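1. Give the three-dimensional model of this entry:
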Amino acid sequence: MAEPRPDLPPGWRPSLATWRFFEWRWPLAGLAAALLLLMAVGAVAVWAGLLIFAVVAILLALPQRQPAPGESAVPSGQEPNSAMMRFAEALPEPCFLLDAAGIVRFANARSRAAFPLKVGDLLTARLRAPDLVTALQRVAAGGGPVGVEFFERVPTERWFAAWFAPLGAVAGERPDTIVLVIDDLTEQRRAERARADFVANASHELRTPLASLTGFIETLQGPAKDDPAARERFLGIMHGQSQRMSRLIDDLLSLNRIEMKVHMRPQDPVDILSVLQHVLDAFEPLAAELGVTVESELPEGGVIVPGDRDELVQVFSNLLENALKYGRTGKRVVVSLIRPSGARSACLVSVRDFGPGIPAEHLPRLTERFYRVDDDRQNRGTGLGLAIVKHILNRHRARLSIESEPGQGALFSVRFDESTLALPAPQRQEKIA
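-> Residues are numbered from 1 along each chain as shown. Down below sits the predicted model:
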C-alpha cells in the first residue's frame with residue numbers, strides 16, 4: 001500500500017500529478033524493480049516492461065474521476081467525519097477541511113462559491129499567497145492554530161483573513177485534519193483606505209479655499225470694515241470659495257461610496273438611450289449659456305445594459321459637462337450611441353468636443369484624483385469628475401477610452417460589452433444653443 005500521508009519537503013508546492021507520483025513512489029519503485037528482474041531473466045520483453053511501467057505511471061497521473069452525486073470524493077478512511085462536515089457547512093464563512101498535506105477533503109457551499117477550489121485540490125496550488133503556505137506548513141507540522149491575512153489581485157483587489165487550526169491531534173503531533181476558515185476583509189480594507197484617502201485629499205484641497213476665506217474675513221473685519229464696494233466684492237469671492245469646498249466634499253464622498261462597492265456589479269436593467277436623453281435635457285441651459293451646440297446621434301431603439309441608473313447618469317453628466325466647459329471654443333459637442341450589431345453584443349457611447357484638445361502626455365493620468373491638465377481658474381473643477389467616471393465604469397465592467405490631439409478636440413468613449421436591444425423610443429436629434 002502507498003503511504004496515505006507522505007511528508008512534503010519544506011517549501012515544496014507540487015502539482016496534483018506530481019503529488020500522486022510522490023504518494024505512490026514506493027509502489028512504483030517496486031514495480032520498476034520487478035519488471036527489471038523479469039526482463040533480466042527473459043520472462044518479459046524489454047519493450048513490454050517499459051510499456052507496462054509507462055501505462056501504470058500515466059494512469060496514476062490522470063485526473064481522478066469526479067464522484068457521482070452522493071458519492072465521497074475522498075478515498076475511504078480519509079473522509080472527514082459527518083459531524084465535521086455538518087459543522088463546516090453551517091458556518092457563515094468559507095470553510096475547508098484539509099489533510100496534513102494541504103489536500104482539500106471537504107469544502108462548504110460558501111467556499112465553493114468564493115474560491116476556485118474543490119475536493120481533491122491542493123490548497124497551495126490554487127491559493128499561492130506565501131503567508132498562507134507558511135501557516136499551513138506550521139499547523140501540519142504539529143503547531144497550534146495560526147491566523148494570517150492574504151491579498152488577491154484578480155479579478156479585483158480583495159483582502160482575506162485565514163485561520164488554520166488542527167483537529168484530532170494533540171500538541172506536537174501531525175494532525176489528521178486541518179480546518180481552514182476564511183473571512184473576507186475587502187469592505188473593511190476599502191473603508192479604511194477610503195477614510196485615509198479622504199483625510200489626505202480633503203486636507204490638501206481644502207487648504208487653499210480655507211486660507212482665502214480666512215484672509216477675506218480678516219480684511220472685512222479690519223481695513224475693509226467700512227468699505228461697501230470691497231465688502232460686496234469679497235463676499236462674492238467667499239461665496240464662490242464656499243461652493244467649491246461643498247462640491248469637493250460631495251465629490252469625495254461620492255467617490256468613496258463607489259470605491260467601497262466596486263467589486264459588486266449592479267444588475268438592474270438600464271436603458272442607456274433614456275439615460276442619455278435625460279442628461280442632454282439637463283444640460284440644455286448650460287449649453288445655451290456657453291453658446292455651444294449639442295448634437296445627438298442616437299438609434300431608433302433603446303439599448304439595455306445591466307447597471308445602476310443614477311451612477312450612469314453621473315458618468316455621462318460628468319463627460320458632457322467637461323465637453324461643454326473645456327471644449328466650448330469649438331462651439332459644438334456630439335453625443336452618439338452605437339447600438340449592438342446583434343441580439344446581445346457591445347454598445348458604445350461617445351462624447352466628442354471640438355475644443356483645444358488634450359496633449360498626449362496628459363491622457364494616461366486624466367482619471368487620477370485631483371489631476372488637472374491646467375490651472376484654468378475660470379473652469380476649474382474639483383479634479384474628481386473623471387476619477388468618479390472611472391470607478392463607476394469599473395463597477396459596471398465597462399471601459400473608458402480617451403482620444404485627443406491638440407487643436408482637434410477630445411473624444412471620450414464608453415464601451416459596454418454586455419447589452420441588448422430595447423423597443424424603439426422617440427428621439428431628439430439635435431439641441432441648438
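
2. For the rest of this, base every contact and every neighbour count on C-alpha atoms.
-> Will do.

3. Tell me which residues touch R397, please.
-> Shown in contact with R397 (CA atoms under 8 Å, 6 or more residues apart in numbering): R265, F416, D417.

4. Confirm that it sits in a strand.
-> No. The assignment for R397, made by DSSP: H, G, I helix; E, B strand; the rest coil, is coil rather than a strand.

5. if we can go back for a sec, which of the contacts of R397 tops the neighbour count?
-> Neighbour tally across the contacts of R397 (other CA atoms under 10 Å): the maximum, 20 neighbours, falls on F416.

6. Now that one, what are its backbone angles?
-> Backbone geometry at F416, expressed as degrees, to the nearest 10, gives phi -100, psi 120.

7. burial of the nearest residue to it once chain neighbours are set aside, as a residue count?
-> Once flanking residues are discounted, F416 sits nearest to A398: 4.9 Å by CA to CA, 6 or more residues apart in numbering. When neighbours are counted by other CA under 10 Å, A398 registers 18.

8. So A398 sits against D417, correct?
-> Yes. Counting by CA atoms under 8 Å, D417 is a contact partner of A398 at 6.7 Å.

9. related to what we said a few turns ago, need the contact list for the residue nearest to F416.
-> By CA under 8 Å, 6+ apart, the neighbours of A398 are V414, R415, F416, D417.

10. same deal with E297?
-> V334, V335, S336, L337, Q429.

11. Could you turn the buried ones of those into a ChimeraX selection?
-> Listed next is the ChimeraX selection for buried residues among the contacts of E297, using 16 or more other CA atoms under 10 Å:
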select :334,335,336,337
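
12. picking that back up, now the contacts of R397 in a markdown table, with distance to G102?
-> A markdown table is the format used below for the contacts of R397 (distance: CA to CA, whole Å):
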| residue | distance to G102 |
| --- | --- |
| R265 | 33 |
| F416 | 41 |
| D417 | 39 |
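
13. Make sure D183 is indeed in a strand.
-> Yes. According to three-state DSSP, D183 belongs to a strand.

14. Show me what it bridges to in the sheet.
-> With DSSP bridges as the criterion, D183 is bridged to A161.

15. and if you look at E297?
-> If you apply DSSP bridges, the partners that E297 bridges to are S336.

16. H362 is in contact with V373, correct?
-> Yes. Counting by CA under 8 Å, H362 is a contact partner of V373 at 6.5 Å.

17. Now the most centrally placed residue in the chain: closest residue in space, sequence neighbours ignored.
-> The centre of the chain sits closest to T156, judged by CA atoms, centre = their mean, with a distance of 2.5 Å. Leaving aside its chain neighbours, T156 sits nearest to H263 (6.6 Å; criterion: CA to CA, 6+ apart).

18. try I272
-> V303 (5.6 Å).

19. My reading is that the one you found lies in a helix. Confirm?
-> No. Secondary structure of V303 (three-state DSSP): strand, not part of a helix.

20. Quick one: neighbours of it, just the number.
-> 24.

21. how distant is stretch 244-252 from the center of its chain?
-> 26 Å (CA atoms, centre = their mean, to the nearest Å).

22. Give me the buried positions along stretch 387-407.
-> Across stretch 387-407, burial judged by 16+ other CA under 10 Å covers 387-398, 400, 402, 404.

23. close enough to count as contact, D183 and F160?
-> Yes. Counting by CA under 8 Å, D183 touches F160, with 5.6 Å between them.

24. remind me which residues of the stretch 51-200 of the chain are low pLDDT?
-> By pLDDT under 70, the low-scoring segments of the stretch 51-200 of the chain are 59-80, 154-155, 169-172, 194, 198.

25. ok, now with 50
-> 65-77 (pLDDT under 50).

26. the helices in it, which residues?
-> Secondary structure of the stretch 51-200 of the chain (DSSP state H, counting those that start in this stretch): helices located at 82-90, 109-114, 123-126, 130-140, 186-221.

27. Nearest spatial neighbour of P92, chain-adjacent residues omitted?
-> P92 sits nearest to R110 (CA to CA, 6+ apart), 7.6 Å away.
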